[in-house]
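[1] Mind looking at a prediction? Sequence and model below.
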Amino acid sequence: MTALYIDADACPVKAEAERVATRHKVKMYLVSNGGLRMSQNPLVEVVIVPDGPDIADMWIADRCGKGDVVVTGDIPLAAKCVEAGARVLKHNGEALTQANIGNVLATRDLMTDLRAADPFRQGGGKGFTKADRSRFLEALERELRAAARV
């Protein structure tokens, strides 16, 4: 049975994911190390893990598998989930798959190195837009349908 795992720390699409999961009657796990409101939705389970680096990521990676969908912006977690057979989406709707995860990991590592080499670099990533939210909703709908066929 399909499950939806949300890496909930700093996730801008929790409410949207809950609406889509509810429509599909899919169990959803919001995984975080705190600060989340409990949901009244019986399909949503809020999982609070202990503080510590990557504890929430490990919880998700240890449980997801073929037929599940994972939403995360954490590329190393995404790689583990793809390896486990899960379908993975970033918050902007970009799918991370066997075909592209290697390049995405390499780009992440390169950008980490570039930032470390220039500590005075200003700015960050681009902001989250309405178009990103819309792409995410379409992508989640598509991935949950595909996961249900597995």
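    Happy to help now that I have it.
[2] Every contact and neighbour count from this point should use C-alpha atoms.
    Fine.
[3] so who does Ala148 touch?
    1-2, 67 (C-alpha atoms under 8 Å, 6 or more residues apart in numbering).
[4] OK, contacts around Thr97?
    If you count contacts by C-alpha under 8 Å, 6+ apart, then Thr97 has 82, 87-88 around it.
[5] so what pLDDT did it get?
    Reading off the confidence values, Thr97 has pLDDT 93.
[6] Distance of the residue nearest to Arg133 when sequence neighbours are not counted relative to Phe136?
    In space, Arg133 comes closest to Asn92 once its chain neighbours are excluded; the distance is 6.1 Å by C-alpha to C-alpha, 6 or more residues apart in numbering. To Phe136, Asn92 is 5 Å away according to C-alpha to C-alpha, to the nearest Å.
[7] what does Met28 give?
    Met28 is 16 Å from Phe136, by C-alpha to C-alpha.
[8] before we move on, what SS does the closest residue to Gly67 other than its chain neighbours have?
    Leaving aside its sequence neighbours, Gly67 sits nearest to Ala147 (C-alpha to C-alpha, 6+ apart; 4.6 Å). Under DSSP: H, G, I helix; E, B strand; the rest coil, Ala147 falls in the helix class.
[9] show me what contacts Ala147?
    2, 66-69, 87.
[10] Check Ser134 too.
    Counting by C-alpha under 8 Å, 6+ apart, Ser134 has no contacts.
[11] sorry, back to before: ok, of the contacts of Thr97, which one's closest to His24?
    Ranked by distance to His24 (C-alpha to C-alpha), the contacts of Thr97 are led by Arg87 at 15.8 Å.
[12] these two touch, right, the closest one and Val69?
    Yes - counting by C-alpha atoms under 8 Å, Val69 is a contact partner of Arg87 at 4.7 Å.
[13] by contact count, what packs against the helix or strand Val46 falls within?
    Using DSSP states H and E, Val46 maps to strand 44-48. Other elements packing on strand 44-48 under the criterion 3 or more C-alpha pairs under 8 Å, 6 or more residues apart in numbering; DSSP states H and E are strand 27-32.
[14] and the strand it packs on, what's its mean pLDDT?
    The model assigns strand 27-32 a mean pLDDT of 96.
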